[in-house]
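Novice: The sequence isn't on hand, but the structure is:
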């Protein structure tokens, strides 16, 4: 217990202090992106890792959040910051409807349905360009020139998201989520309405993903359907972030997000310009290989299989785990 | 008003009748045994009672209220708990977490639920293993966990599905004792069991079914000596 | 009337290629019970093989079939053996582990191709690429008709294999009841490797046949992966007949969607049908027709 | 012919069989009886390598088989007719039967064996082209047995062939098993249907809670009070 | 314990990597500078760095490469001629991969980390729009040479300058051609559902309305479709006088090939730039692409000083043809050099001032940034029309500049056969 609270203290402290040590806006930008991915990855993980419903459609909520902010500006001339208020609830509402449709399906069928819904959103937002701006996209001018407000906002969002998940997972809902993941039939016979709690999980998850989307609009200042509803760059990335860090662990997606963003940035800059140019083209490849490696050898991700990793280095044999906590 | 009543319940899978016009009544506070050869439809009956399968025909009344058509979790909330023949431990949760999840049935408070879970675990003599992952339990403990989890929902009626199968004789003895204790705490029980020694020992009344139909119903000795029942079990000569 | 007929013809012809994509996927899904999200990427690799053979050796794409298909068969078999089968023994929280692995495999294949060939569009223009046959006013693009024909032939070949040969029967047996198949002396693991290989080989054929009329770039795979699982679910999981049916239905639906709604919404039509079938008709169109 | 020594089997952390010893001699008809959950099916699966034992040894004709993969067992001449039939539901009866004869040796004589099997089960001849999934329970059981015969095995394992069958059909199935035995087949069968099986077998073992409780001649066991207790709890 | 370790490790690794990034990037610039010093004998340490954002990978990489080569060619000439008042000009390229979010990151990096004095490049409309937002916000001049969505110069952004015309003006030459030669009554407009495609088609739709041409079909499509026949069959049914298409290379080829299959024979097929002017277009389509018109911004035979020389030199140097995108980039490089030479200092404000006062002639034509209509800092460029005649791309309109007489009316049946 003591160690856990240590970790919970140290992580935010390091991140809080980070801008003090690093004043390059570029590196701050990298960490801001990582923090945004912490939110998306953790939200996805709440639904997939803890509740067992693998979504391939988190771009939907990200997009809804981003467009909530963007459309306010485009149609009403309101500051996109209002989107930070509207984006979450909108995504949540859409999440509820999608859950209502898709939770009839289990396992891989649910996953497939979310891909389909995601693509439908993607294409419809492109098609109704009078309303959404279509592929011309929505562009705003950032409110702040400094990175600091965005940095702390992203940090706050990530903190709020992780904290909410910690709290939820310690409550009745958390117990119910995991029960549904472990065995839906058993859960039903324990008095748990699988449908209701899957929906709740999806709503929390979509709420934070929507917030991340609204943040993206404000920070990146440009969106179009290809960017925010991207199956590959948002939905699947969210999954890969979760997998690399560790599905079903509180901190896994956070770690995964940092790994993903750092690997991609490192390789995109050709390992800081030290390596030949072609290396920069390999950034997605390296990440793909990393994903395959993790799935093959660390099924529970970096955080979930932490013991396995440390034992690899210390040479200790892995002790059979007879106890431990799932939450 | 009877405590629990199944009226002419029928279940077809495809064209096949797994349960056919079966009617029985369970009185409050008794242990009611449900026996029959393999594949005779006992587990199907349980699945019908707790709403896992919809009925093809008939009605199920619990405390005078019709419960067929309700979803499983609602039936559980009304006070019918069940265990599974093939145990369904929530594998990546500890024993305590398993039972706590179920103890939330009538409370939203973690402390209350945990306290209730600890109490139930002690009652089931699983307290010393509460921090074990459910996947690491022996079969005996898993069956106990299954009972503990259903007990934690505070049921009025408990459906036990072959909780003794695969246990050592000693474990069976402990199981019988546990089930008695449960009944004595005021829970009505319907038990499906293959091990006749257990059934004969435990039950107040027994019903034997075969091909989804009732063969006999009555006191244990009566049923055990019923010619149809003997034939169904041992086969005709 | 011409509009209607031309739309129908286009739909059916493209449906033939879709069917070929879908059959490979449905085989894999039926036997391994996983969704192969790298299916389109395998097709993309086959297209590049065909492209290279055409560009540097001047091989006609139809001749390349005999190289691309075996090559992809090998690639598929290797993927199954090295990356998917080992996962059966891994205990992870998400049961969809194998599916996620295919996502990773798809990514890696795409990126390797990107590094080798760049992101540029490539195409193969043969003498017959633009040739057309006419029936009244209705145009039949010759390479597409040929592709349709070869798709039919390959399907027939597959059916012969599955229905008439012991190995094919073993594949079906493994899909229907793995344990019983093992009792009959079927090496189930080898069958999964074989099946993934065949599935990859079939989608390779689809890619090769598409090349004279289409073009290619590394990201083309994702597009066809989506199509593949739509077809498979439409046709009913694991049903080869269903996949053919699903492919043609999707082709026609898209075609009509494009003509009578909007070309923009072509893919939406496919996705909506897919979602409706998934939710309201589990088991796919097969259920309606009892094939 | 078949020898099982000190066999311990567990599923995950759950031990199902404890120190089981038994043997079947050539030409013998041996039955394992026991109530549900006694470990009978696990026993059968262990013999055909579908589950691998924790410890102990299984040998067939003097050759150790517990370390072999499941798919190589049938080639040694040991056919398993599994519990619940386990047919291939979307294949025809004929195809199901052909699946029984995949080994090179069995393949050579596939056509003859097929005719022979059909003569044993005339009902199947009528259903030759029908999907196995659409057969009735009794027909399915016959199909499963015929499929086992197709391998031209030296020994056959039957796992609860009477499961889910009406008494008349059960009798019919047992009659067939007996007939197969009379033609010289070595048989190991697992059953719940105590009275009938003990009546037709040579020897029997009673399995309870994963352990062998007793063994002896079928007819002797039938009279034994302990057996009755084990099954009826009287 | 596990979580503590994980978190601290993650943070530590992260920070270590970042600080490493920091150090090594310094090393990089040092290294780069050293390398440059070795090559060119420019005054010690004096370089001016301009950031260029182009799609060097991804679907648009083909054009990105052409532009990069043109930039490099121009850079070489500029530095050989003495650089920027004795200082050496350096172009620092960043790959936007064709995605706006990546383009934005690239701009952030160039502005904040590499401290470039101004930005250039900007290929796709979306990316350019996103990058322009960053530049304007950071008050750093950005000279756009290709990104053409009208919106970009309609925001009143004083730091954003555009060398090329906005998408709505691409078909200016087409417009006069239509009114003077074709005189169509109806048109079908097909476009790829991308930023460029949508905005171009919108503008052309308005043009048609202005000219009294009835638009019988206005429909977008998703990139990546195999079969355009469902779309084309509608075109055939409506039988418009002209078909206007805004498509990228491969879709452009497919559209023309399938139009031929369906025997669609309007008075003219007109491409809205993009894919229709590339050599690959005619390679892919063969006879189906013949006689197709396209709007364009530049042609090597235009009487601008250096135009032909640029074209020949490029072909010689890189062994491949170039087209208007390359000319835009080449011209932009000289505008940048000219601006920097005139700027009082390399402060953003002075550069902006100098850029605004630009008045020069390039291979791309005269460059002068003005405010007109709703646009600001927009170069007003003449546009042209080309046509594929017997496998060659020829400038056909305005007739005064034509390299060959346009081919019209067109006898499709004779050309295509049946």
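Specialist: Looks like it came in fine. Bear in mind that the values here come from a model prediction, so they are computed numbers and not experimental data.

Novice: the helices in the stretch 51-200 of chain A, which residues?
Specialist: Along the stretch 51-200 of chain A, the segments classed as helices by DSSP state H, counting those that start in this stretch run A:58-71, A:82-102, A:107-127, A:129-132, A:148-170, A:172-182, A:184-189, A:194-220.

Novice: Also chain B?
Specialist: Ranges of helices within chain B are B:42-49, B:72-78, B:95-103, B:110-123, B:139-152, B:169-184, B:196-202, B:220-225, B:227-234, based on DSSP state H.

Novice: Make CSV out of the helices of the stretch 51-200 of chain A and add mean neighbour count and distance to residue C:259.
Specialist: C-beta here means a position set from N, CA and C on the backbone, and glycine is covered the same way. Shown next, in CSV, are the helices of the stretch 51-200 of chain A (neighbours: other CB atoms under 10 Å in any protein chain shown; distance: least, CB to CB, whole Å):
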stretch, mean neighbour count, distance to residue C:259
helix A:58-71, 30, 28
helix A:82-102, 21, 28
helix A:107-127, 23, 16
helix A:129-132, 16, 21
helix A:148-170, 18, 46
helix A:172-182, 25, 44
helix A:184-189, 23, 43
helix A:194-220, 26, 35
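
Novice: Just tell me which of these ends up closest to residue C:87.
Specialist: Residue C:87 lies closest to helix A:107-127 among the helices of the stretch 51-200 of chain A, at 14.3 Å (CB to CB).

Novice: and that closest one, what does it pack onto?
Specialist: Other elements packing on helix A:107-127 under the criterion 3 or more CB pairs under 8 Å, 6 or more residues apart in numbering or on different chains; DSSP states H and E are helix A:58-71, helix A:82-102, helix A:225-228, helix C:220-235, helix C:266-280.

Novice: So is the shortest one next to chain E?
Specialist: Meaning helix A:225-228. Yes: Helix A:225-228 lies within reach of chain E by CB under 8 Å from any CB of the partner chain, at A:226, A:227.

Novice: got the contact list for the helix or strand following that helix?
Specialist: Per DSSP states H and E, the first helix or strand lying C-terminal to helix A:225-228 is helix A:237-245. Residues from elsewhere that reach helix A:237-245, judged by CB atoms under 8 Å, 6 or more residues apart in numbering or on different chains: A:37, A:40-41, A:43-45, A:48-49, A:54-56, A:58-59, A:209, A:251-257, A:259-260, A:287, A:290-291, A:294-295, A:301-303, C:94, C:100, C:103-104.

Novice: low-scoring stretches of the chain, by residue?
Specialist: In the absence of a named chain, chain A is used. Applying pLDDT under 70 to chain A flags the ranges A:1-8, A:270, A:272-273, A:277, A:312-327.

Novice: right idea, wrong chain: chain C
Specialist: C:1, C:238, C:284-291.

Novice: How about the residues of it by chain D?
Specialist: Checking chain C against chain D by CB under 8 Å from any CB, the hits are C:166, C:169-170, C:172-173, C:176-177, C:179-188.

Novice: again, 6 Å this time
Specialist: Within chain C, the positions adjacent to chain D are C:169, C:173, C:176, C:177, C:180, C:182, C:183, C:184, C:185, C:186, C:187 by CB under 6 Å from any CB of the partner chain.

Novice: What is the three-state secondary structure of the residue nearest the centre of chain D?
Specialist: The residue lying closest to the centre of chain D (CA atoms, centre = their mean) is residue D:158, at 1.4 Å. Under DSSP: H, G, I helix; E, B strand; the rest coil, residue D:158 falls in the strand class.

Novice: Surely it touches residue D:81?
Specialist: Yes: counting by CB atoms under 6 Å, residue D:158 does reach residue D:81; the two are 4.9 Å apart.

Novice: could you pull out the helices for chain D?
Specialist: Using DSSP H, helices in chain D cover D:40-47, D:93-100, D:104-108, D:110-120, D:122-126, D:137-149, D:167-182, D:194-200, D:218-223, D:225-232.

Novice: same check, this time on the stretch 301-418 of chain E
Specialist: Using DSSP H, counting those that start in this stretch, helices in the stretch 301-418 of chain E cover E:307-318, E:324-342, E:348-356, E:412-416.

Novice: which other residues reach the longest one?
Specialist: To tie it back to what came earlier, the one meant is helix E:324-342. With contacts defined as CB atoms under 6 Å, 6 or more residues apart in numbering or on different chains, helix E:324-342 is touched by E:48, E:50, E:63, E:66-67, E:70-71, E:74, E:78, E:84-85, E:120, E:143, E:145-146, E:163-164, E:296-298, E:310, E:354-355, E:360, E:362-364, E:367.

Novice: how far off helix E:307-318 does that helix point, in degrees?
Specialist: With axes from the mean of the first three to the mean of the last three CA atoms, to 10 degrees applied, the angle from helix E:324-342 to helix E:307-318 works out at 110 degrees.

Novice: Helix E:324-342 versus helix E:348-356: what angle between them?
Specialist: Going by the same axes, to 10 degrees, helix E:324-342 makes 120 degrees with helix E:348-356.

Novice: Which one of the residues in the stretch 151-291 of chain C is closest to chain E?
Specialist: Residue nearest to chain E within the stretch 151-291 of chain C (CB to the nearest CB): residue C:258, separated by 3.5 Å.

Novice: The closest residue to that residue other than its chain neighbours: what's it in contact with?
Specialist: Distance criterion CB to CB, 6 or more residues apart in numbering or on different chains; nearest residue to residue C:258, sequence neighbours excluded, is residue E:230 at 3.5 Å. By CB under 6 Å, 6+ apart, the residues touching residue E:230 are C:7, C:255, C:258, C:259.

Novice: Most widely separated two among the residues you listed?
Specialist: Most distant of those, by CB to CB, are C:7 and C:258, 7.8 Å apart.
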